[in-house]
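3D model of this:
(one chain, ligands or ions: 2)
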Amino acid sequence: MVLLQVMYTDLDFIAAFNIEPEVLQQFLFEVYRRYNNIPFHNFKHCFCVTQMMYGLIWLTDLKSKMDSIDLLIMLTSAVCHDLDHTGYNNAYQINARTELALRYNDISPLENHHCAVAFEILEKTESNIFRNVSMDQYKRIREGIIKCILATDMTRHNEILNKFKSILPAFDFNNRDHRDVLMMILIKVSDISNEARPMEVAEPWLDCLLQEFYNQSDVEKLEGLPVTPFMDRDKVTKPSSQTGFIRFVLLPLFIELANLFPCLEHHIIDPVRKALDYYTEMEKALEREKQNRAQSENAAKSKETTVGPQSPADSHTDAGHEASQPDAQSTAGQCLS
Ligand SMILES: Nc1nc2c(ncn2[C@@H]2O[C@H](COP(=O)(O)O)[C@@H](O)[C@H]2O)c(=O)[nH]1
Ligand SMILES: [Zn+2]
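Ligands and ions are numbered 1, 2, ... in the order given. Coordinates of the predicted model:
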């Protein structure tokens, strides 16, 4: 929480918007309290996304290009963007007809909720970091935060990315609509930027994400709901989850942002390309292992049909051999390390 406080201070928000230190502390404490103890969408994820946003603001020298109110909107949106996430995505909310889906008529139920919780916190005077801004400024901040948090709904990914691509050739920092789209892109990039971090940080985050995914698909199976395919433990592995995501979601998004800010190439694109190579190799190793296993099983079967059934002792040895195999994923990981 202290580091988040430092980010507000470093970006000069304390002075520019007359934010009292104890109000900022109370705000951040309320935020901390309203993140749940779940594998991925927890307070640490909020911290990482905010830290990435803070880093992007400095790396791109946004302070010289945009009003500080826009920067305040972006940093605060990052802090609040997954408040009270339950660990079950929008598809689940809608299919299970949860309270959130009912309240928001199936329209981005989670993101609407994260935003509503943020403004619940800001409604309390003691945690309202915007309590000293003018009515007009508050209106702009509220509009901006709503826009940014709602933009993190991944079902809107192509819509937002295409809008950004269409304005990029004539991007103008003085154009309000252009800035709004850029703000949405920046929070999206920050939100899904784990793979831009060093591998030893990024990989454990993927484990946490898959834990949350697998938990959801298990519950979907138990409740007889449609099973979200990219969350199904019977279909998804660590590398299969990442290669597609990096190729089709991360790189196309990051490359467009780097078209506007070439200085980002080295910071966010290079590590993501490296991660793609890493998971592609892991996927190949897994595939080889699967093929080897299938071949040994076939060989064993044909031996059985030509020689006849094995003695119990033989089959025990086989079972023992099978059980002593390390699991596919860790072997693939070892091959690469
Ligand atoms: N397969 C992967 N999916 C990812 C990764 N990082 C993020 N995501 C997906 O995007 C959303 C992001 O939105 P959030 O606001 O919910 O955090 C997340 O839920 C995942 O579905 C990744 O590295 N691999
Ligand atoms: Zn998030």
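
how about the residues of this structure near ligand 2?
D82, D191 (Cβ under 5 Å from the ion). Where C-beta positions appear, they are placed from N, C-alpha and C, glycine not excepted.

longest single helix anywhere in the chain?
helix 270-307 (DSSP state H).

from the contact counts, what lies against that one?
Under the contact definition 3 or more Cβ pairs under 8 Å, 6 or more residues apart in numbering; DSSP states H and E, helix 270-307 sits against helix 199-222, helix 238-245, helix 251-260, helix 328-336.

how about a cut-off of 7 Å?
If you count contacts as 3 or more Cβ pairs under 7 Å, 6 or more residues apart in numbering; DSSP states H and E, helix 270-307 packs onto helix 199-222, helix 238-245, helix 328-336.

and the angle for the first one with helix 270-307?
Read that as helix 199-222. Counting by axes from the mean of the first three to the mean of the last three Cα atoms, to 10 degrees, helix 199-222 points 60 degrees away from the direction of helix 270-307.

so for helix 199-222, what gets flagged as buried?
Buried residues in helix 199-222, counted by 16 or more other Cβ atoms under 10 Å: 202-203, 205-206, 208-210, 212-217, 219-220.

swap in stretch 94-104?
Applying a neighbour-count criterion of 16+ other Cβ under 10 Å, the buried positions in stretch 94-104 are I94, N95, T98, L100, A101, Y104.

save the helices and strands packed on helix 270-307 as JSON lines, and put in distance to A16 and mean pLDDT too.
Converted to JSON lines, those look like this (distance: least, Cβ to Cβ, whole Å; pLDDT from 0 to 100):
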{"stretch": "helix 199-222", "distance to A16": "32", "mean pLDDT": "98"}
{"stretch": "helix 238-245", "distance to A16": "37", "mean pLDDT": "96"}
{"stretch": "helix 328-336", "distance to A16": "47", "mean pLDDT": "29"}
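
can you redo these as a markdown table with distance to I269?
As requested, the helices and strands packed on helix 270-307 are exported to a markdown table (distance: least, Cβ to Cβ, whole Å):
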| stretch | distance to I269 |
| --- | --- |
| helix 199-222 | 14 |
| helix 238-245 | 15 |
| helix 328-336 | 21 |
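
which one, of the ones you listed, ends up nearest to R131?
Set against R131 and scored by Cβ to Cβ, these come closest in helix 199-222, at 34.8 Å.

backbone dihedrals for the most centrally placed residue in the chain, please?
Geometric centre of the chain, nearest residue: I192, 3.9 Å, by Cα atoms, centre = their mean. Per-residue torsions, I192: phi -120, psi 30 (degrees, to the nearest 10).

separation between the nearest residue to it once chain neighbours are set aside and ligand 2?
Counting by Cβ to Cβ, 6 or more residues apart in numbering, I192 lies nearest to L250, which is 6.4 Å off, once chain neighbours are set aside. According to Cβ to the ion, to the nearest Å, L250 and ligand 2 sit 14 Å apart.
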